[in-house]
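1. no FASTA, just this:
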Ligand SMILES: Cc1ncc(C[n+]2csc(CCOP(=O)(O)OP(=O)(O)O)c2C)c(N)n1
Ligand SMILES: [Mg+2]
């Protein structure tokens, strides 16, 4: 295993632990979705995006929009780890008076837009990508969406507009974990064939294993593969990834672990860290 | 009226809908990946063909409910108040209210009951928004009993309605289900000041009256579930008796119950009014009760502010 990949794999496990700790402390949060997008966040923030945690408003930074705002715990955990704000502040997550609210807000250094109502992020991302074109700026815009989120019609309006403007500096990412709150996406509201839909809307679609950091980094770094088109990365993931009893279980969308569940989850993640170390 | 027995209003709303659906096969429910929050999972199991899941698509949920109603169904849309009062607003205005489709919207987890999830999940503008649309009733039951009564009442009113309830289990204010449109309920009688409140904050106003009574201040407390149409008579009569009015709501101070009451009194019987609600800002992070206490909307806060209001009136500022 390459050294960099190994470091990032460990990072992903640590982010999961931090996210779970936050949810456990706050007795509030969105466990499943936070765990499912960890590798996507790690790949983007540690391996792809141009940014400076000490200068979060750097004009030419790449933009990241957390459109699935409920996955805020792993997002905050990543931003804190990178030094956008002190890691110790995470203890105040969702506590009275904290700037770390239960969905992302721009009070948090590194957060570009307030999200939490689904189906908003892609349009904001389209605006950012158009601004980059107007200014001939080199930055890219990444928008992370849930698959259930794609039920919202506003996503498809924005998708159409992005293609119309030929925004090849815009990357949409779908956390394709096949679950939303009430059950399986294909049972609640059929989404497939997703690739055909986005392709028909004028996007270039790429599939990737959403838990393979190396592949994610290589995919993102290789974009755009086609000039003049926005790109959609369908990241195939498992909701609740990393903790066996949370994985692929709709009940864990916003369930908070009790003492015993928390202990077991942390143990399982620690085991995984040890395995990685043994894997020299 | 005991604090021990608490119940979430959504539980009783769901029960009322189940009872109605058994007797009336034109009842349908529509939701948008919110059957759990709306407590209608059982409805989905009992009446699968009359429970319509549209996915996370609040705007279409309202449009679809309008279409169902225009074809003879009595449709109830259930989902988070924050999304139905904001995202689906134009559908409510045009497809429901303007068209006159008999759709009842039940906004759950209203106000700040989602607490620390933040302003995307709060609905502190919904009374103002829906009050400004003609042809739709705006109703905020104060407990599970009243929520049950509201559902049973509005089903027979051939007219759109927006009903806002909370999320968390709350104490009972009313021993029995009771609701009539445009009717206020006197919960306490006193001659020093009138408090008018709506929704799940009524309980806190009631507790504030107990605190004030110990201080020698006797309050007339009116529960006003029907914010539009509102009970003008009870407001005017009470203002005549006490000469001072305080309103309390889990809503922005702009455009809600307070301004509705002010408009009526300004026209008919002007008296000093104090509007208690969330100030014009995105609220501080916190659980519902923390947010209430931060803005002086818990029982102690309400009592303190009523006293300050009375002091100001007697001694000037
Ligand atoms: C406009 C809007 N409607 C409803 C919700 C409530 N909600 C929060 S998460 C969620 C399910 C999201 O599912 P998905 O996009 O698949 O996210 P993930 O599986 O990654 O958690 C819903 C319905 C919301 N946040 N915004
Ligand atoms: Mg999903």
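-> Yes, it's here. Not measured: the values here are computed from a predicted model. Ligands and ions are numbered 1, 2, ... in the order given.
2. all contacts plus neighbour counts: C-alpha atoms, from now on.
-> OK.
3. Show me what the mean pLDDT comes to for stretch A:259-271.
-> On average, the pLDDT along stretch A:259-271 is 98.
4. same question, stretch A:170-179
-> Confidence over stretch A:170-179 (mean pLDDT, whole number) is 98.
5. Please apply the same query to stretch B:252-264.
-> In the prediction, stretch B:252-264 has an average pLDDT of 98.
6. what comes up buried for it?
-> Going by neighbour count (16 or more other C-alpha atoms under 10 Å in any protein chain shown), the buried part of stretch B:252-264 is B:252, B:253, B:254, B:255, B:256, B:257, B:258, B:259, B:260, B:261, B:262, B:264.
7. okay, those residues in JSON lines with distance to residue B:105 and secondary structure next?
-> Formatted as JSON lines, the buried residues of stretch B:252-264 follow (distance: C-alpha to C-alpha, whole Å; DSSP: H, G, I helix; E, B strand; the rest coil):
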{"residue": "B:252", "distance to residue B:105": "20", "secondary structure": "strand"}
{"residue": "B:253", "distance to residue B:105": "23", "secondary structure": "coil"}
{"residue": "B:254", "distance to residue B:105": "22", "secondary structure": "coil"}
{"residue": "B:255", "distance to residue B:105": "20", "secondary structure": "coil"}
{"residue": "B:256", "distance to residue B:105": "18", "secondary structure": "coil"}
{"residue": "B:257", "distance to residue B:105": "19", "secondary structure": "helix"}
{"residue": "B:258", "distance to residue B:105": "23", "secondary structure": "helix"}
{"residue": "B:259", "distance to residue B:105": "23", "secondary structure": "helix"}
{"residue": "B:260", "distance to residue B:105": "21", "secondary structure": "helix"}
{"residue": "B:261", "distance to residue B:105": "24", "secondary structure": "helix"}
{"residue": "B:262", "distance to residue B:105": "26", "secondary structure": "helix"}
{"residue": "B:264", "distance to residue B:105": "26", "secondary structure": "helix"}
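8. And chain A, is stretch B:270-282 touching that?
-> No. Stretch B:270-282 stays clear of chain A (C-alpha under 8 Å from any C-alpha of the partner chain), getting no nearer than 11.3 Å.
9. give the contact list for the residue of the stretch 101-250 of chain B found nearest ligand 1.
-> Here the residue of the stretch 101-250 of chain B nearest ligand 1 is residue B:121; by C-alpha to the nearest ligand atom that distance is 7.5 Å. For residue B:121, the contact set (C-alpha atoms under 8 Å, 6 or more residues apart in numbering or on different chains) comprises A:116, A:117, B:80, B:82, B:83, B:112, B:114.
10. from the residues you listed, which would you call buried?
-> A:116, A:117, B:80, B:82, B:83, B:112, B:114.
11. nearest to ligand 1, of those?
-> residue A:117 (3.5 Å).
12. Against residue B:25, how distant is the most centrally placed residue in chain B?
-> Closest to where the C-alpha atoms of chain B average out (C-alpha atoms, centre = their mean) is residue B:140, at 2.0 Å. Distance, residue B:140 to residue B:25, using C-alpha to C-alpha, to the nearest Å: 26 Å.
13. and after the one helix or strand residue B:195 maps to, which helix or strand comes next?
-> Using DSSP states H and E, residue B:195 maps to strand B:193-197. Note on strand B:193-197: by DSSP H and E, the next helix or strand toward the C-terminus is helix B:202-214.
14. Now do whichever helix or strand comes after that following helix, average pLDDT.
-> Note on helix B:202-214: by DSSP H and E, the next helix or strand toward the C-terminus is strand B:219-223. Across strand B:219-223, the average pLDDT comes to 98.
15. Strand partners (parallel or antiparallel) of strand B:219-223?
-> In the sheet, strand B:219-223 lines up against strand B:185-188 (antiparallel), strand B:193-197 (parallel) (DSSP bridges).
16. that older thread, residue contacts, the residue nearest to the centre of chain B?
-> Per C-alpha under 8 Å, 6+ apart, neighbours of residue B:140: B:163, B:164, B:165, B:198, B:199, B:200, B:224, B:225, B:226, B:227.
17. Repeat the analysis, applying 7 Å as the threshold.
-> Residues in contact with residue B:140, defined by C-alpha atoms under 7 Å, 6 or more residues apart in numbering or on different chains, are B:163, B:164, B:165, B:198, B:199, B:225, B:226.
18. Around the second one, how many other residues sit close by?
-> Summarising burial for residue B:164: neighbours were counted as other C-alpha atoms under 10 Å in any protein chain shown, giving 30.
19. Which residue, neighbours along the chain excluded, lies closest to residue 257?
-> You didn't pick a chain, so chain A it is. By the measure of C-alpha to C-alpha, 6 or more residues apart in numbering or on different chains, the closest residue to residue A:257 outside its immediate chain neighbours is residue A:24, 6.2 Å from it.
20. Hmm, no, I was thinking of chain B.
-> residue B:227 (6.3 Å).
21. From the rest of the structure, what touches whichever strand or helix holds residue A:262?
-> Residue A:262 is located in helix A:259-278, with elements delineated by DSSP H and E. Contact with helix A:259-278 is made by A:10, A:13, A:17, A:242, A:243, as judged by C-alpha under 7 Å, 6+ apart.
22. how about the residues of the stretch 51-200 of chain A near chain B?
-> Residues of the stretch 51-200 of chain A found near chain B (C-alpha under 7 Å from any C-alpha of the partner chain) are A:94-98, A:101-103, A:116-117, A:148-149, A:151-153, A:181-182, A:188-189.
23. ok, and of those residues, which contact ligand 2?
-> Among these, none lies close to ligand 2 by the criterion of C-alpha under 5 Å from the ion.
24. The residue in the stretch 101-250 of chain A positioned nearest to chain B: what's it in contact with?
-> Using C-alpha to the nearest C-alpha, residue A:102 is the residue of the stretch 101-250 of chain A that sits closest to chain B, at 4.0 Å. Applying C-alpha under 7 Å, 6+ apart to residue A:102 gives the contacts A:29, A:72, A:94, B:116, B:117, B:118.
25. now the strands for the chain?
-> All of this is about chain A. Applying DSSP state E to chain A gives strands spanning A:63-66, A:141-146, A:170-176, A:204-209, A:231-236.
26. think we crossed wires, I meant chain B
-> B:6-7, B:27-31, B:51-53, B:74-80, B:103-108, B:137-139, B:161-164, B:170-171, B:185-188, B:193-197, B:219-223, B:226-228, B:245-252, B:273-278.
27. which stretches of the stretch 151-280 of chain A have low pLDDT?
-> A:280 (pLDDT under 70).
28. How far off centre is the helix holding residue A:262?
-> Distance, stretch centre to chain centre, for helix A:259-278: 22 Å (C-alpha atoms, centre = their mean, to the nearest Å).
29. and the stretch 1-150 of chain A, which residues reach ligand 1?
-> Residues of the stretch 1-150 of chain A lying close to ligand 1 (C-alpha under 6 Å from any ligand atom) are A:32, A:33, A:70, A:116, A:117, A:118, A:146, A:147, A:148, A:149.
30. how about a cut-off of 8 Å?
-> Proximity of the stretch 1-150 of chain A to ligand 1 (C-alpha under 8 Å from any ligand atom) is limited to residues A:30, A:32-34, A:36-37, A:68-71, A:116-119, A:145-150.
31. Buried members of the residues you listed into PyMOL, please.
-> A single PyMOL command is used to select the members of these judged buried by 16+ other C-alpha under 10 Å:
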select buried, chain A and resi 30+32+33+34+36+37+68+69+70+71+116+117+118+119+145+146+147+148+149+150
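32. Might you name the residue of the stretch 51-200 of chain B sitting closest to chain A?
-> residue B:117 (4.0 Å).
33. And the pLDDT at that residue?
-> For residue B:117, pLDDT reads 98.
34. can you pull the contacts of it?
-> Per C-alpha under 7 Å, 6+ apart, neighbours of residue B:117: A:101, A:102, A:103.
35. residues in chain A within reach of ligand 2, list them.
-> A:147, A:177, A:179, A:180.
36. The third one: how many residues sit nearby?
-> Translated: residue A:179. If you count neighbours by other C-alpha under 10 Å, residue A:179 ends up with 24.
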